[in-house]
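Provided below for reference: sequence and predicted model.
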Amino acid sequence: MRDGKGQFKTLDACPACAGTDIRGFRKGTYSGRLSEDEIKITDSQYGKTWDLSICRGCGHIFANPCPTAEYLASLYGRVEDPLYEDEAAGRSRNFLRILRRLEELLPGKGGIFDVGAATGILLDLARRRGWEPAGIEPSSWAIKAAAETYGLRLIEGAFETASLPRDRYAAVTMVDFIEHTPLPFEAVRQARAILRPGGVLVLVTPDIHSRAARLAGRRWWHLRPAHLAFFSRGSIAALLQRAGLAIVAEHRYAWTFSAHYLLSRSPALQPQLGKRRAASFLKRIPIKLALRDSFEVYALKESGG
């Protein structure tokens, strides 16, 4: 069922496992009209969620009604987020752990495809380690930034429906992507299709059942308008199995940001952080956040599968 000029859709089945035993989970705190600023990577509108439903079969929690893929594509195409690149050093530390784990799992490097590649930080790091980089990103601004900053030519558009080479890549990375799409199964199915046999998908996504989420309550930083879904260990397993992928490793994702970025998440501190000397000093201080509130899952496309 579609609502409001095709911008929202009421879901009758779970987007992860396709089960139909769903019920209300939590009344939302957000019912506004989405804007580009509300879905950019560095937004700080914590605590705002859509009305959420839960699947009784796999435990998947998702926005319902949910913004449609077409509506979101039009918004993400217009997103501009200059602050994202300011944290390139910290983000590189985050991505380096993923690349090292991939290199332990795979017998050799090869093509790596990043989904929601933003300005290309992960792919630039991968290229310097001997990978062959490729990726897709909906934001026209980010596509241009990736070309100008790193010399990367990314595909512009939506991953779920893109025409991509089959059985091509050794690795596909989805770092904080799957919670943004209303089509998680289509996304993971596409990832499997472009992986070569023996290739690995990396999926990083928030865990709404984590201790950090429970302690933070409605101020948990992953509760934000851009996030349409929250996976459990069971719903991730159901989604990947449905798409024909086998989990081979699991970790808890750790973030590294500058002290300036973390303090800037508080509106009350932003005027002080605008002072040049303080900002310059705080940007040089890396802080690792091992909050254990995001899954980091590695799933294999088995040979002959």
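Cool, got the structure.

what about the nearest residue to His209 once chain neighbours are set aside, distance to Asp114?
Distances taken as C-beta to C-beta, 6 or more residues apart in numbering place Ser232 nearest to His209, at 5.9 Å, with adjacent residues excluded. In this view, the C-beta of every residue, glycine as well, is placed from N, C-alpha and C. In this structure, Ser232 and Asp114 are 25 Å apart, going by C-beta to C-beta, to the nearest Å.

out of these two, which sits in the busier spot?
When Ser232 and Asp114 are compared on other C-beta atoms under 10 Å, the one with more neighbours turns out to be Asp114, at 28 against 19.

my read: the more buried one touches Ile121, true?
No - between Asp114 and Ile121 there is no contact, the gap being 9.3 Å when judged by C-beta atoms under 8 Å.

which residues do those two both contact?
Counting by C-beta atoms under 8 Å, 6 or more residues apart in numbering, Asp114 and Ile121 have no shared contacts at all.

show me what contacts the residue nearest to Gly111 when sequence neighbours are not counted?
Sequence neighbours aside, Tyr169 is the residue nearest to Gly111 in space, at 4.2 Å (criterion: C-beta to C-beta, 6+ apart). Remark: with contacts taken as C-beta under 8 Å, 6+ apart, Tyr169 is in contact with 110-113, 134, 194-196, 199.

cool, and Leu99?
Each residue near Leu99 by C-beta under 8 Å, 6+ apart is listed here: 122, 125-126, 129, 131.

for Ser139, same thing?
Shown in contact with Ser139 (C-beta under 8 Å, 6+ apart): 76-81, 118.

Which of those ranks first by neighbour count?
Neighbour tally across these (other C-beta under 10 Å): the maximum, 27 neighbours, falls on Ala118.

Surely that one is in contact with Tyr84?
Yes - with the criterion set as C-beta under 8 Å, Ala118 and Tyr84 qualify as a contacting pair; they are 5.9 Å apart.

Overlap in contacts, these two.
Shared contacts of Ala118 and Tyr84, defined by C-beta under 8 Å, 6+ apart, are found at 41, 142.

mind saving the C-alpha coords of the longest helix seen in the chain as PDB?
Longest helix in the chain, counting residues (DSSP state H): helix 88-105. What follows is helix 88-105 as a C-alpha-only set of coordinates in PDB (Å, rounded to 0.1, in the frame of the first residue of the first chain):
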ATOM      1  CA  ALA A  88      39.000  11.100   6.700                       C
ATOM      2  CA  ALA A  89      41.800  10.100   9.100                       C
ATOM      3  CA  GLY A  90      39.500   8.500  11.600                       C
ATOM      4  CA  ARG A  91      37.300   6.900   9.000                       C
ATOM      5  CA  SER A  92      40.500   5.400   7.400                       C
ATOM      6  CA  ARG A  93      41.300   3.800  10.700                       C
ATOM      7  CA  ASN A  94      37.800   2.300  10.800                       C
ATOM      8  CA  PHE A  95      38.100   1.000   7.300                       C
ATOM      9  CA  LEU A  96      41.600  -0.400   7.700                       C
ATOM     10  CA  ARG A  97      40.300  -2.900  10.200                       C
ATOM     11  CA  ILE A  98      37.800  -4.200   7.700                       C
ATOM     12  CA  LEU A  99      40.400  -4.400   4.900                       C
ATOM     13  CA  ARG A 100      42.800  -6.400   7.100                       C
ATOM     14  CA  ARG A 101      40.000  -8.800   8.100                       C
ATOM     15  CA  LEU A 102      39.100  -9.300   4.500                       C
ATOM     16  CA  GLU A 103      42.700 -10.000   3.600                       C
ATOM     17  CA  GLU A 104      42.800 -12.700   6.300                       C
ATOM     18  CA  LEU A 105      39.700 -14.300   4.900                       C
END
